[in-house]
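Undergrad: After the sequence you'll find the predicted model.
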Amino acid sequence: MIIRRLLARLTPAVAVVLVGLLGSVLALWAASAGAAAGAATIFVVASLVLWSTGFRSVGLWVRAAVARRSRDDEGHEAPAAAPDLRVALVYCVADDADLPAIATSMRQDVPVATVILDDSRDPDAQARLDAFAAAYGCRIIRRAQRSGYKAGNLNHGLAALRGEFDAYLLCDSDVVLPPDLARRCASALADPTVAVAQALPTARPGRSWFSRYFGPLLETHLETTRRGREAAGVVALLGRGALVRAAAIDDVGGVPEVVAEDLALSVALRRRGWRLVNVDVAFAEDYPIDYRSFRTQMRKTTEGAVEFLRRPGQLRGWQGRGRLDVLLETALVPLAALAGVAAMVSGVSLAMHGTTPPLWAMALTALSAVAPLIPEATRRTRVQRPAAGVVFLLLAGVLYSSVMFVVLSAVVRTAIGRRAVFWITPKAQRTLGVRQLVDLLRAELVLAPAIAAAALVAAGSPVAALAPLGPVLCALAFAVTLVARRTVGQPVQTKPAAVAAVLPDPSPRAMTGVGARA
């Protein structure tokens, strides 16, 4: 056990040393590149960024495995008795309420009141919610002006609820909670210094091939990330599936009204001395139903991250490894996209000048790019067969390569000062025509020619203009799966008078029973 803990502590230092040593070797190669020294230097810097993200992913995986084995050896401690808290189950919706999910989540084994913060604009969506609330005894809070994104909706709703509840169980529109989640998270709040008890997200059974195939990555990735970061003393609010103390939100002046409100609130709480803890209970949510939804989610994540990074002063008061970890985690996606483009253009330029980067460096860069996918590939290898793990690694690698220009577009848009946008992930599949396909691939159509021109100038050869072709083809390969296909998997569309016919029994006897675990 001591060896395991020592290994967990040494993993970050080992990663830093390895990146430093390998970077030094590559820098010596760049120094001997002669006329191509400029492109070689850019390649070295880009490689160091990508290697750092890759080694960090591997380090989190190792530390998560060590933490898991240590916990298994020590056994699970009995949770503290749940305090008698007044808990509100708070759902944030905006024309996308999953009524069966809300009905299932209401079936907690401790008393909770259900409040729906409705930002819907569609009158039919509002009517369905009104009928649902009447049948299930929910409270709906709406606001006249939609500002501040999800955070603004929360602040408006929590202001109306102030004084009525001790804690809020925050949920997005598609979250399905198991019946014991409120009680187990409330046990964590028995410690008066704890502001947030965060459960683990898992993917609901997919309604499309895309969500069925890639959905399991959600749990594996977040489980690895949260246990690995927890070993370094970092726990973050994920914005849903979390019980948050009402007094803590009041103490920090409400939820910061930014796109990445979960990250900003985590930082604000830590700055005020509050603790955030993970709870070993899982809840379910939808994985992006198709490639269009996945691109939207990546765009929102990137814009929120860049918006946060534009104001690093938010991290004042949070010192040490925790602050560094938050910066790295937030910058991971935008930095990887920028470094990927830089490595691609400089690598082609070097090849045109007859100065090909060392094979080991290119191989390490490729491995670093897929490092976050290795835990899920390993799981599939273990529970299915080796070929399943290899195929997943290839397909998921192509998927994330395909959004390079979406991420890059979001980085550029937000970095130049434009306000980040809270893009709502589409919940239903949609057949695309030519015009919609062109709109979906707008980032590739705008940025790929610009990058091709830059590569042409840098290398002085028309062949270099093919540099961005790889990510473009990857994006096109996934995009064509959305063309000429019958729309399926639409969200529940129930008439107000028919709500009871499609939802679980709302009777008191049924609502106090224990539902199926998500």
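TA: Good, I have the coordinates.
Undergrad: I'd like to know the phi and psi angles of L129, please.
TA: Dihedral pair for L129: phi -60, psi -40, per degrees, to the nearest 10.
Undergrad: so who does it touch?
TA: 93, 97, 99, 116, 118, 120, 140 (C-beta atoms under 8 Å, 6 or more residues apart in numbering). Heads up, the C-betas are built off the backbone N, CA and C, glycines and all.
Undergrad: who wins for neighbours among the residues you listed?
TA: Counting neighbours by other C-beta atoms under 10 Å, I116 leads these with 26 neighbours.
Undergrad: pretty sure that one contacts R142?
TA: No. Counting by C-beta atoms under 8 Å, R142 is not a contact partner of I116; they are 9.1 Å apart.
Undergrad: so where do the helices sit in the stretch 101-250 of the chain?
TA: Assigned by DSSP state H, counting those that start in this stretch, the helices in the stretch 101-250 of the chain fall at 123-136, 149-161, 181-188, 209-214, 216-230, 246-251.
Undergrad: buried residues in the strand or helix carrying R56?
TA: Per DSSP states H and E, R56 falls inside helix 37-74. Going by neighbour count (16 or more other C-beta atoms under 10 Å), the buried part of helix 37-74 is 39-40, 42-67.
Undergrad: Moving C-terminal from it, which element do we reach first?
TA: By DSSP H and E, the next helix or strand past helix 37-74 is strand 87-93.
Undergrad: Now do that next one: everything it contacts.
TA: Residues contacting strand 87-93 (C-beta under 8 Å, 6+ apart): 97, 102, 105-106, 108, 110-120, 129, 150, 153-154, 157-158, 161, 164-173, 175, 177, 182, 186, 243.
Undergrad: Relative to the whole chain's centre, how far out is that strand?
TA: 20 Å (C-alpha atoms, centre = their mean, to the nearest Å).
Undergrad: So what are the sheet partners of it and their directions?
TA: strand 113-118 (parallel), strand 167-171 (parallel) (DSSP bridges).
Undergrad: Out of these, flag the one nearest A13.
TA: strand 167-171 (36.2 Å; C-beta to C-beta).
Undergrad: for the record, mean pLDDT for whatever helix or strand A27 lives in?
TA: According to DSSP H and E, A27 maps onto helix 2-31. Per-residue pLDDT over helix 2-31 has a mean of 75.
Undergrad: Likewise for stretch 99-108?
TA: The model assigns stretch 99-108 a mean pLDDT of 96.
Undergrad: Stretch 255-266 now?
TA: In this model, stretch 255-266 carries a mean pLDDT of 91.
Undergrad: same check, this time on stretch 289-301
TA: Per-residue pLDDT over stretch 289-301 has a mean of 93.
Undergrad: How about stretch 130-138?
TA: 95.
Undergrad: can you offset everything so residue one is 599?
TA: Shifting the count to begin at 599 puts that one at stretch 728-736.
Undergrad: Output that stretch in CSV with nothing but the alpha carbons.
TA: C-alpha atoms of stretch 728-736 as CSV (Å, rounded to 0.1, in the frame of the first residue of the first chain):
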residue,chain,number,x,y,z
ASP,A,728,-47.3,22.4,-16.7
ALA,A,729,-49.3,19.2,-17.2
PHE,A,730,-46.4,17.2,-15.8
ALA,A,731,-46.1,19.5,-12.8
ALA,A,732,-49.8,19.2,-12.0
ALA,A,733,-49.7,15.4,-12.2
TYR,A,734,-46.5,15.0,-10.2
GLY,A,735,-46.6,17.9,-7.7
CYS,A,736,-43.6,19.8,-9.0
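Undergrad: buried sites along that stretch?
TA: Those would be 728-731, 733-734, 736, for stretch 728-736 by 16+ other C-beta under 10 Å.
Undergrad: and if you look at stretch 693-709?
TA: For stretch 693-709, by 16+ other C-beta under 10 Å, it's 693-707.
Undergrad: can you check stretch 1060-1080 too?
TA: 1062-1063, 1065-1066, 1069-1070, 1072-1073, 1076-1077, 1080.
Undergrad: cool, stretch 969-985 as well?
TA: Buried-residue list, stretch 969-985, by 16+ other C-beta under 10 Å: 969-975, 977-979.
Undergrad: Among these, name the ones in helices.
TA: Judged by DSSP state H, the subset of those located in helices is 972-975, 977-979.
Undergrad: Relative to D884, which of the residues you listed is nearest.
TA: For these, the minimum distance to D884 (C-beta to C-beta) is 17.9 Å, reached by E974.
Undergrad: pretty sure that closest one contacts L815?
TA: Yes. Taking contacts as C-beta under 8 Å, E974 lies within contact range of L815: 4.7 Å.
Undergrad: what sits in contact with each of those two?
TA: Contacts common to E974 and L815, judged by C-beta under 8 Å, 6+ apart, are A994.
Undergrad: so is V877 in a helix, a strand, or just coil?
TA: Following DSSP: H, G, I helix; E, B strand; the rest coil, V877 is assigned to strand.
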